[in-house]
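> I would like to see how this sequence folds:
(4 chains)
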2 protein chains.
Amino acid sequence: MTTRTGDGTGAFIGAIADAGERVTLPRRAVARMVAAHDGHFTAAQLMDDAAAAGEPIGRATIFRALDLFTSLGLVERVDLPDGNHAFVACEAVHHHHAICTSCGRSTDIDDGALGEALAALGRQAGFRVMAHRLEVFGLCADCGASKS
Amino acid sequence: MTTRTGDGTGAFIGAIADAGERVTLPRRAVARMVAAHDGHFTAAQLMDDAAAAGEPIGRATIFRALDLFTSLGLVERVDLPDGNHAFVACEAVHHHHAICTSCGRSTDIDDGALGEALAALGRQAGFRVMAHRLEVFGLCADCGASKS
DNA sequence: GTAGATGCAAAACCTTTGCATTTTG
DNA sequence: CAAAATGCAAAGGTTTTGCATCTAC
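Numbering: from 1, shown residues only, chains lettered A, B, ... in the order given. This next block holds a predicted model:
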């Protein structure tokens, strides 16, 4: 890892460089926009953001950058309740997302008891768990409070 | 973990009727095909199945039936690791799926310790959990055994 | 008999790909 | 300077929609 500035963007740039990938202008822009979102976002949304920021980026580039970030573990793909695809920024360590259905912000939650539950599954069913994904939907503290 | 062999079709038909929806021939066919799968399946797959069974069903009908089944809680949409959409048949009771990446079969797993973990999240972060989805990927007992 | 479902085909969508041009290291 | 990334636009695949016809109740 290299630089790690406060806005989270630095971590992205550092990770890209560390992976031996080129740190290009579009990738910096995408990293900045991803870091700016504190909730989930779609590829289309990022394109709009870029355009709005006066720095339009091609669809292909957005998707390629997102692919790169995903392979580096910087973002993760999630499937919203409505069936749409979206992405969320995430830390390298394993965790899950609690997504607010009202404001769209996501909170990271750690494995907690889940790890044990999965281990139990392995023992009971002979299932060898290779990966798992947990998505939690609901109202965050703010939205829950304002909506009674 | 539940067994889904034989004709879970009856349950589908019953649920459709109970919901006041019409029990049509295409819906019966889709229900039968869904029940026949013990793993996840895609909309396209069902169309192929129908065609292969000598009872072709239009794409639109497949999707509409799948929508209906989803709203009735008979099937659930899942997002595979490769980003594709698929569906899995499910019991009305809450549970999750352990999907084998080798043979594609899915095993139902119950909440287990997960419920408590989520309750803890609610207490700690003030997050009001409305829904959650857990997808586990790995090798089932059979595939795990045959692959070392 | 009537509301609702079906099927077809076209439209909408989202994501990926090819290739010439530009940028990075 | 060479290798890799970008952008455009077109291709590819999937899901949705409109409308006439047919079916379940």
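
> tell me how many other residues crowd residue A:27.
Look at residue A:27: counted by other Cβ atoms under 10 Å in any protein chain shown, it has 20 neighbours. The C-beta positions use only the backbone N, C-alpha and C, and glycine is treated the same way.

> the spatially closest residue to residue A:21 that is not a sequence neighbour: how many residues sit nearby?
Nearest residue to residue A:21, sequence neighbours excluded (Cβ to Cβ, 6 or more residues apart in numbering or on different chains): residue A:68, at 6.4 Å. Neighbour count for residue A:68, taken as other Cβ under 10 Å: 18.

> could you do residue A:100 as well?
23.

> could you give the bridge partners of it?
Applying DSSP bridges to residue A:100 gives these bridge partners: residue A:138.

> quick one: it and DNA strand D, what's the gap?
Distance, residue A:100 to DNA strand D, using Cβ to the nearest atom of the strand, to the nearest Å: 23 Å.

> quick one: that residue from residue B:126, how far?
Remark: distance between residue A:100 and residue B:126 (Cβ to Cβ, to the nearest Å) = 11 Å.

> overlap in contacts, these two.
residue A:140 (Cβ atoms under 8 Å, 6 or more residues apart in numbering or on different chains).

> Three-state assignment for the residue nearest to residue A:21, please.
Three-state call for residue A:68 (DSSP: H, G, I helix; E, B strand; the rest coil): helix.

> so which bits of chain A are right by chain B?
Within reach of chain B by Cβ under 8 Å from any Cβ of the partner chain, chain A has these residues: A:77-79, A:81, A:83, A:85, A:98, A:100-101, A:107, A:109, A:112-114, A:116-118, A:120-121, A:125-141, A:144-145.

> pLDDT value on the spatially most central residue of chain A, please?
Per Cα atoms, centre = their mean, the C-alpha nearest to the average position across chain A is that of residue A:88, at 2.2 Å. Looking at residue A:88, its pLDDT reads 85.

> near DNA strand D, which residues of chain A are found?
A:21-22, A:24, A:26-27, A:56-61, A:64-65, A:83 (Cβ under 7 Å from any atom of the strand).

> which of those residues fall in helices?
Among the residues of chain A next to DNA strand D, the members falling in helices (DSSP state H) are A:26-27, A:59-61, A:64-65.

> for the residues you listed, pick the one with the most neighbours.
Most neighbours among those, by other Cβ under 10 Å: residue A:65, with 25 neighbours.

> how about the strands in chain A?
A:75-79, A:85-89, A:96-100, A:106-109, A:128-139 (DSSP state E).

> who wins for proximity to DNA strand C among those strands?
With Cβ to the nearest atom of the strand as the criterion, DNA strand C lies closest to strand A:85-89 of these, at 3.7 Å.

> other SSEs contacting that closest one?
helix A:25-36, helix A:59-71, strand A:75-79 (3 or more Cβ pairs under 8 Å, 6 or more residues apart in numbering or on different chains; DSSP states H and E).

> got the angle between it and strand B:85-89?
Angle, strand A:85-89 to strand B:85-89, by axes from the mean of the first three to the mean of the last three Cα atoms, to 10 degrees: 100 degrees.

> just want the angle from strand A:85-89 to helix A:59-71.
Using the same axes, to 10 degrees, strand A:85-89 lies at 60 degrees relative to helix A:59-71.

> buried ones in strand A:85-89, by neighbour count?
For strand A:85-89, the neighbour count (16 or more other Cβ atoms under 10 Å in any protein chain shown) marks A:86-89 as buried.

> ok, which of the helices and strands packed on strand A:85-89 comes nearest DNA strand C?
Of all the helices and strands packed on strand A:85-89, helix A:59-71 sits nearest to DNA strand C, with 3.2 Å by Cβ to the nearest atom of the strand.

> who touches residue A:31 in this structure?
A:9, A:12-13, A:16, A:65, A:69.

> and the gap between it and residue A:50?
For residue A:31, the distance to residue A:50 - Cβ to Cβ - is 12 Å.
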